[in-house]
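Asks: Any chance you can model this:
(4 chains)
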Number of protein chains: 2
Amino acid sequence: MDDTATPARARPTLASVAALAGVSPSTASLAFSGSGPVSAATRERVLAAAAELDYAGPDPRAQSLRRGRSGIIGVVIEDRLRDAFRDPMNVAMLDGLADETGSLGAGLLLITENGEGAASIRNAPVDAVVLIGCSTSLAAQVAIFRQRGIALVAIEAEPMDDVLAIDLDNRQGSRTLARHLSDLGHHRVALVTLPLDAGRSRGPLTETAIGASTGYTALERIRGVREVFPGAPGMMAAASSIDEGLAAGLAVLSEPGSRPTAVIAQSDLLAVGVIRAAEQLGLRVPQDLSIVGFDGVKLDGIAPYDLTTMVQPAVEKGRAAGRGVIALLNGEHPLPVSFVSRFHPGTTTAPPPAE
Amino acid sequence: MDDTATPARARPTLASVAALAGVSPSTASLAFSGSGPVSAATRERVLAAAAELDYAGPDPRAQSLRRGRSGIIGVVIEDRLRDAFRDPMNVAMLDGLADETGSLGAGLLLITENGEGAASIRNAPVDAVVLIGCSTSLAAQVAIFRQRGIALVAIEAEPMDDVLAIDLDNRQGSRTLARHLSDLGHHRVALVTLPLDAGRSRGPLTETAIGASTGYTALERIRGVREVFPGAPGMMAAASSIDEGLAAGLAVLSEPGSRPTAVIAQSDLLAVGVIRAAEQLGLRVPQDLSIVGFDGVKLDGIAPYDLTTMVQPAVEKGRAAGRGVIALLNGEHPLPVSFVSRFHPGTTTAPPPAE
DNA sequence: AGAGGGTATCGAATCGATTCGATCGAACCG
DNA sequence: CGGTTCGATCGAATCGATTCGATACCCTCT
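Replies: As a prediction, this is how the structure comes out:
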């Protein structure tokens, strides 16, 4: 109608809606938010005015300033989304987290910790942050968020002050698997580990690498195994994927000298890769080589094996993190949660072959 | 020191920093933002004051209100993150998007379109939105975002006004695959399609389902095939996964009457599932059954086959979307982009077996 | 009819920063 | 030596909504 008068598309504000409806901005606000006493007639007048002006509702930026809340939960992810989401456990956790925090408002903000990402750690308008599968400079990040007064939840990380811990019995679970192999009679056992640090390079598992590692989950799982097989050698994979498992598996199984009779892979995807490696080398699983994984990924269709593994409640971990976030935002003091994994006896382990 | 006077942890503000430094808030702001002329001495005084108060930098909520920008890009995802991230194409696109928009500031906000998600569509403080792999009520969502004055980019969707389209030659690519099979001599070809709508139920591919479908990509790929095989029957999968491909594959191959000599799966994951189904039924690929996929997922280690497929530049699609977002936010008028997929002749197709 | 109670509405302060225009000095030039 | 210009700093308005306390009004009870 009077488009000619409008210089450009100036979005209507609550104030302009109020003016058109002939009420004060405060009343208009009440009419929109639903809280507070507003007569039905007034509310309708306001809504009608809003419709006429094509008003889309209160500006979330202004709301979040005034309320001190944005409704956004940050999720700190390692550098490449590709790597993080290749691991079904991360996706499952994210799913549980999204599920539980869905009511909060806006959604999940993916924050990557790469180079310029430092900016997003400082600038992201988040109410709380969940640290997930993180490694690099975790302490530095935590310090920044703490300074900003942002609630923190960490899934599987070293315990830290003011950070709600959601943990998994990685060490005990790994020990269970190692015991299982030990009970079957295995002595020569090799590891295929998750990445030990941000470098993410494939290579032999050395004490130096372990000492310098920042990968909490990988370390705990190594420790659990070494309680049973103290000096077990191994390979570090560069990611939790079938490809990496294949490569690391070939390396572990092709080593000169005595070949291991069992391989403990730190994730099911890695384990599938190791199975492929065994197949390529003409080894039968489990007759010639026993293989165990970790996580309990559903592998139907990927591998015609029933993998012996520890099943972990990944979605539940995400849910617990979500509940923790909500509790923290409500000013409560939630207690840390620790989940346990469950042994799944598959068909990929057997007594070692006779010498 | 004077902690006793502090009632609670009142976060310091730029104003308090300015007061301590003995300058005006405007000067303090200039000192922080780096823009504008500030003497080195003053800047240092301000930074020292900030350090003393443990000031974490300007509040992003206030910044985004004042600037009218939050630095956040929204990504609208179908209901369950689990389903969306199971498809490597979505992850790849997200990766490219994150890569390209990393400089913008805060990050990617995942917006799920489920029930209460409607709230997040209205409340999310985003500068722009990328619609990706979407289906349900797309028009309604677009209307809301448009009303809110938010820049829109859609990857593989029906063209819409004011929405920058990033497209893929799904129809032509599918036609290429169909031609390839036709040239080999196939006549009885079956489809295994991506989900056709938000319902995501598995079932026979009916004209009714096609008519009611909101799945642009799936529809385009069906159209491409039908240009070569007009009446090709098929099954709809409930997701793009190996499991679903297996189930749909079994259904397609077990149908009474004449079994197809080739299956066109609408994604590589589905194709792997169909291969598994063929194996279960004792069919050799490609001697007894030809199978093609779509996407060009790296399948090393998952399947010992070199799948015949169309390779699409998924990461590049995400990148293009990111560049589009940036251009739109700069007030430019970027042109729609259309990517082409490339035929990859694998080893899963052959002439049909003699009758 | 006046006091009391409850409801609908309004005013004004506030959230925390950014930014435009004004001001104040000092250096520079003729 | 006075006028000009440039650079640093400051004041005040502004972004768009929320919210507390105050006000005006109407109804009821005695």
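
Asks: which helices and strands sit right next to the strand or helix carrying A:Arg171?
Replies: Following DSSP states H and E, one finds A:Arg171 within helix A:170-184. Under the contact criterion of 3 or more C-beta pairs under 8 Å, 6 or more residues apart in numbering or on different chains; DSSP states H and E, helix A:170-184 touches helix A:216-226, strand A:262-265, strand A:290-292, strand A:309-311, strand A:342-344. Where C-beta positions appear, they are placed from N, C-alpha and C, glycine not excepted.

Asks: what comes into contact with the next helix or strand after that helix?
Replies: Following helix A:170-184 in sequence order, the next helix or strand is strand A:189-193 (DSSP H and E). By C-beta atoms under 8 Å, 6 or more residues apart in numbering or on different chains, the residues outside strand A:189-193 that reach it are A:178, A:181, A:205, A:218, A:221-222, A:225, A:229, A:232-237, A:245, A:248-249, A:252-253, A:260-266, A:270-271, A:273-274.

Asks: For the stretch 1-150 of chain A, what lies in contact range of DNA strand C?
Replies: Within the stretch 1-150 of chain A, the positions lying close to DNA strand C (C-beta under 7 Å from any atom of the strand) are A:22-27, A:30, A:36-39, A:41-42, A:62, A:65-66, A:68.

Asks: Type out the PyMOL command that picks the buried ones from those residues.
Replies: Buried residues among those (16 or more other C-beta atoms under 10 Å in any protein chain shown), as a PyMOL selection:
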select buried, chain A and resi 23+27+30+38+42+62+65
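
Asks: Tell me which other helices or strands the helix or strand of chain A with the lowest mean pLDDT touches.
Replies: The weakest-scoring helix or strand in chain A, judged by mean pLDDT, DSSP states H and E, is helix A:117-123 (a mean of 77). Where contact means 3+ C-beta pairs under 8 Å, 6+ apart, helix A:117-123 is packed against strand A:107-112, helix A:138-147.

Asks: okay if I get the ones you listed as a markdown table plus distance to A:Leu328 and mean neighbour count?
Replies: Shown next, in a markdown table, are the helices and strands packed on helix A:117-123 (distance: least, C-beta to C-beta, whole Å; neighbours: other C-beta atoms under 10 Å in any protein chain shown):
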| stretch | distance to A:Leu328 | mean neighbour count |
| --- | --- | --- |
| strand A:107-112 | 16 | 25 |
| helix A:138-147 | 12 | 17 |
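
Asks: hey, where'd the strands end up in chain A?
Replies: For chain A, applying DSSP state E gives strands covering A:72-77, A:107-112, A:128-132, A:151-155, A:164-168, A:189-193, A:203-204, A:234-236, A:262-265, A:290-292, A:309-311, A:337-339, A:342-344.

Asks: deepest of those strands, which one?
Replies: strand A:262-265 (a mean of 31; mean count of other C-beta atoms under 10 Å in any protein chain shown).

Asks: what about A:Arg45, distance to A:Ala239?
Replies: 59 Å (C-beta to C-beta, to the nearest Å).

Asks: same thing with A:Gly231?
Replies: A:Gly231 is 26 Å from A:Ala239, by C-beta to C-beta.

Asks: still on that earlier bit, chain center to the least confident helix or strand of chain A, what's the gap?
Replies: 19 Å (C-alpha atoms, centre = their mean, to the nearest Å).

Asks: buried ones in it?
Replies: Applying 16+ other C-beta under 10 Å to helix A:117-123 flags A:Gly117, A:Ala119, A:Ser120, A:Ile121, A:Arg122, A:Asn123 as buried.

Asks: just stretch A:92-109 next, same as before
Replies: By neighbour count with 16+ other C-beta under 10 Å, stretch A:92-109 contains the buried residues A:92-102, A:104-109.

Asks: Now intersect the residues you listed with the helices, please.
Replies: Those of the buried residues of stretch A:92-109 mapping onto helices are A:Ala92, A:Met93, A:Leu94, A:Asp95, A:Gly96, A:Leu97, A:Ala98, A:Asp99, A:Glu100, A:Thr101, per DSSP state H.

Asks: before we move on, the earlier item: render the CA-only coordinates of the least confident helix or strand of chain A in CSV, please.
Replies: These are the backbone C-alpha positions of helix A:117-123, laid out as CSV (Å, rounded to 0.1, in the frame of the first residue of the first chain):
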residue,chain,number,x,y,z
GLY,A,117,37.7,-21.1,16.0
ALA,A,118,39.2,-19.4,19.0
ALA,A,119,37.0,-16.5,18.0
SER,A,120,33.9,-18.6,18.2
ILE,A,121,34.8,-19.8,21.7
ARG,A,122,34.9,-16.2,22.8
ASN,A,123,32.0,-14.9,20.7
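
Asks: Counting neighbours, what do you get for the residue nearest to A:Val297 when sequence neighbours are not counted?
Replies: If the residues on either side of it in the chain are set aside, A:Val297 comes closest to A:Asp268, at 4.2 Å by C-beta to C-beta, 6 or more residues apart in numbering or on different chains. Using other C-beta atoms under 10 Å in any protein chain shown, A:Asp268 has 28 other residues around it.

Asks: And for A:Ala48?
Replies: By other C-beta under 10 Å, neighbour count at A:Ala48 equals 13.

Asks: and the nearest residue to A:Glu220 once chain neighbours are set aside, what is it in contact with?
Replies: Spatial nearest neighbour of A:Glu220, chain neighbours left out: A:Asn170 (3.8 Å); criterion: C-beta to C-beta, 6+ apart. For A:Asn170, the contact set (C-beta under 8 Å, 6+ apart) comprises A:Glu156, A:Thr217, A:Glu220, A:Arg221, A:Gly224, A:Ser341.

Asks: Please look at A:His186 and A:Pro352 and confirm they touch.
Replies: Yes. Shown here, A:His186 and A:Pro352 form a contact pair, counting by C-beta atoms under 8 Å, at 5.1 Å.

Asks: Which neighbours do those two have in common?
Replies: Jointly contacting A:His186 and A:Pro352 under the rule C-beta under 8 Å, 6+ apart are A:Thr261, A:Ala262, A:Ser290.

Asks: Make CSV out of those and add pLDDT and distance to B:Ser174.
Replies: Listed next are these as CSV, based on pLDDT from 0 to 100; distance: C-beta to C-beta, whole Å:
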residue, pLDDT, distance to B:Ser174
A:Thr261, 96, 49
A:Ala262, 97, 46
A:Ser290, 97, 45
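
Asks: how near is the nearest residue to A:Leu94 once chain neighbours are set aside to A:Gly324?
Replies: The shortest distance from A:Leu94 to any non-neighbouring residue, by C-beta to C-beta, 6+ apart, is to B:Leu81 (5.4 Å). Distance of B:Leu81 to A:Gly324, given as C-beta to C-beta: 19 Å.
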